[in-house]
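Novice: Sharing a model prediction with you, sequence too.
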Amino acid sequence: MLAPLRVPMFRRLAIGRVTTYAGNAVAPVALAFAVLDLTGSVVALGLVVGARSIANVLLLLMGGVLADRLPRGVILQGASLAAAVSQAATALSVLLGFASIPLLVVLSVVNGAVSAVSFPAAAALTPQTVPAPLLLQANAVVRMGINAALITGASFGGMLAALAGPGWAMAVTAVVFLVASFCYARVRAPEIAASEPTRPIADLRAGWAEFTARTWVWSIVLAFMVVNAAVTGGLQVLGPSIADATFGRLAWGFILGAQTVGALLGAIIASRWQPRRALLFGTALIAVESVPVLVLAHAPEVLLMLAAMFVGGIAIEQFGIAWDVSLQENIPPDRLARVYSYDAVGSFIALPLGEIAVGPLSLHFGTAATLTALSALTFLAILAASLTPSVRSLTRKQTPAPA
């Protein structure tokens, strides 16, 4: 499972990606406490956080274009360096007392832009750094590291902000991004030759043509727009209110953590074994995501929710790794980052739609009925994707290397 880490180029990329995600896990926690200390307003906090999300969505497609045209290691190095500078500026503004909401909004926009540039480049760079037979294990190792970084980063961010203050937590984040930039600077993967002239609009069209040319790609992204909106709206918006009325906030924290623990185990399983039709297998397993939403609606018991979320985490990683490997094996290298960016835009657009719509729906139809409908939507979307002929027929091109 850890064989890809013996390849120096991949090892540097993996450490850089995990370090980046650790920084991205600490930063929102520190920023939230900084805004609340400054204003005490959740409206102001929403404005600052929303500015990052908007910049991220708007610039993702251009990030894909850049990652298909420029050396991806250089893009990641520059993006991490820019993130370090913006976090350092945010830390200074908080520590020296000149922070303001407009300034924090501007710095959040910078961070959103940096994330938009770095995500497609990082995802598309993996197959350039390992031999093809190690591609499955390489994606599994990266996803395990990212999940661990998200768990420890968020916890560390909360503790650091509480003990030392949000400003110092942001200063530590700046150092973390500097470390990531150093790792990326040592990733010197072969450049990808462009198959057509470089023109931004033409590049976007070419990426869209690649994205829509394969039914299995756009049908799964479309299905996951429904799944992401339904599951996020159900668990992230209605879940906390149900937790307050039943088993409490502490138990809810453990329930959310159970999914990440399941994801860690899922990545280990996927690195050791995936069927020949891995994409179909992983997609079908995502139907499990409908279960915790349904349990939350009709039987909000701690043990049931822990089990449902744990199994859901395992399923998510089976799909996630199969999806990454399928894209990396079938999309031309010089267009891979753009396909990743179109995929990410579809996913990110769906999240706020679900979060915004679920509240009014629950007030009109009732919480239980809304959650039941969201569970059914999740199941039906995955069923439709699983029945798509091109999803059912897609097979692995490479045989994984022996363990």
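Specialist: Yep, that arrived.
Novice: Can you list the helices and strands that the helix or strand harbouring Ala376 packs against?
Specialist: Under the criterion of DSSP states H and E, Ala376 resides in helix 367-386. Applying 3 or more CB pairs under 8 Å, 6 or more residues apart in numbering; DSSP states H and E, one finds that helix 367-386 contacts helix 215-232, helix 278-285, helix 290-298, helix 336-365. The way it works is simple: take the backbone N, C-alpha and C, and place the C-beta from them, glycine included.
Novice: and Val345, what is it in contact with?
Specialist: Applying CB atoms under 8 Å, 6 or more residues apart in numbering, we find Val345 in contact with Val57, Leu60, Leu61.
Novice: who wins for most neighbours among those?
Specialist: In terms of neighbour count, Leu60 stands highest of the contacts of Val345 at 27 neighbours, by other CB atoms under 10 Å.
Novice: which element is it on?
Specialist: If you go by DSSP H and E, Leu60 is part of helix 42-69.
Novice: what about the closest residue to Ala79 other than its chain neighbours, how many neighbours?
Specialist: In space, and not counting its chain neighbours, Ala79 is closest to Ser118: 4.0 Å by CB to CB, 6 or more residues apart in numbering. Ser118 is flanked by 27 other residues according to other CB under 10 Å.
Novice: didn't Ser118 look like it was pressed against Leu60?
Specialist: No. Using CB atoms under 8 Å, Ser118 makes no contact with Leu60, being 10.5 Å away.
Novice: on that earlier part again, which is the next helix or strand following the host helix or strand of the residue nearest to Ala79?
Specialist: Using DSSP H and E, Ser118 falls within helix 101-129. Sequence-wise, the next helix or strand downstream of helix 101-129 (DSSP H and E) is helix 135-163.
Novice: can you tell me the average pLDDT over that following helix?
Specialist: Helix 135-163 shows a mean pLDDT of 77.
Novice: Please apply the same query to stretch 373-383.
Specialist: On average, the pLDDT along stretch 373-383 is 94.
Novice: One more: stretch 285-292?
Specialist: Mean per-residue pLDDT for stretch 285-292: 92.
Novice: tilt between the helix or strand of the chain with the lowest mean pLDDT and helix 336-365?
Specialist: Within the chain, judged by mean pLDDT, DSSP states H and E, the helix or strand with the poorest mean is helix 42-69; its value is a mean of 74. Following axes from the mean of the first three to the mean of the last three CA atoms, to 10 degrees, one obtains 150 degrees for the angle between helix 42-69 and helix 336-365.
Novice: Skip ahead from helix 42-69 and say which helix or strand is next.
Specialist: Heading C-terminal from helix 42-69, the first helix or strand you meet, by DSSP H and E, is helix 72-95.
Novice: tell me what that next one is packed against?
Specialist: helix 8-39, helix 101-129, helix 166-185.
Novice: so the second one versus helix 336-365, what angle?
Specialist: Relative orientation of helix 101-129 versus helix 336-365 (the same axes, to 10 degrees): 130 degrees.
Novice: Enumerate the positions of helix 101-129 that are buried.
Specialist: Within helix 101-129, the residues that qualify as buried are 101, 104-105, 107-129, counting by 16 or more other CB atoms under 10 Å.
Novice: can you give me how far it is from the chain middle?
Specialist: In terms of CA atoms, centre = their mean, to the nearest Å, the centre of helix 101-129 is found 12 Å from the chain centre.
Novice: average model confidence for it?
Specialist: Helix 101-129 comes out at a mean pLDDT of 83.
Novice: The longest one now?
Specialist: Mean pLDDT, helix 8-39: 83.
Novice: Report the distance from that helix to the chain centre.
Specialist: Distance of helix 8-39 from its chain centroid, counting by CA atoms, centre = their mean, is 13 Å.
Novice: If you count neighbours, what's buried in it?
Specialist: Neighbour-count burial for helix 8-39 flags 9-35, 38-39 (criterion: 16+ other CB under 10 Å).
Novice: what do you get for the shortest one?
Specialist: Residues 166-174, 176-185 are the ones in helix 166-185 that count as buried (16+ other CB under 10 Å).
Novice: Tell me which other helices or strands it touches.
Specialist: Counting contacts by 3+ CB pairs under 8 Å, 6+ apart, helix 166-185 packs against helix 8-39, helix 72-95, helix 135-163.
Novice: The next helix or strand after that helix relative to helix 215-232, how many degrees between them?
Specialist: Per DSSP H and E, the first helix or strand lying C-terminal to helix 166-185 is helix 200-213. For helix 200-213 against helix 215-232, the angle by the same axes, to 10 degrees is 90 degrees.
Novice: what's the average pLDDT for helix 200-213?
Specialist: pLDDT averaged over helix 200-213 gives 83.
Novice: Please renumber the chain so that the first residue is 236 from this point on.
Specialist: Renumbered: residue one is now 236, and that last one reads helix 435-448.
Novice: That helix packs against which elements?
Specialist: Applying 3+ CB pairs under 8 Å, 6+ apart, we find helix 435-448 packed against helix 277-304, helix 450-467, helix 571-600.
Novice: Pull the residues that contact the helix holding Ala611.
Specialist: 454-455, 457-459, 461-462, 465-466, 468-469, 473, 476-477, 515, 518-519, 521-522, 524-526, 528-529, 531-533, 593, 596-597, 600, 626-627.
Novice: okay, now the domains of the chain?
Specialist: Domain assignment for the chain, taken from automatic domain parsing, gives 238-423, 440-628.
Novice: any chance of those domains in CSV, plus distance to Arg434?
Specialist: Converted to CSV, the domains of the chain look like this (distance: least, CB to CB, whole Å):
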stretch, distance to Arg434
domain 238-423, 10
domain 440-628, 9
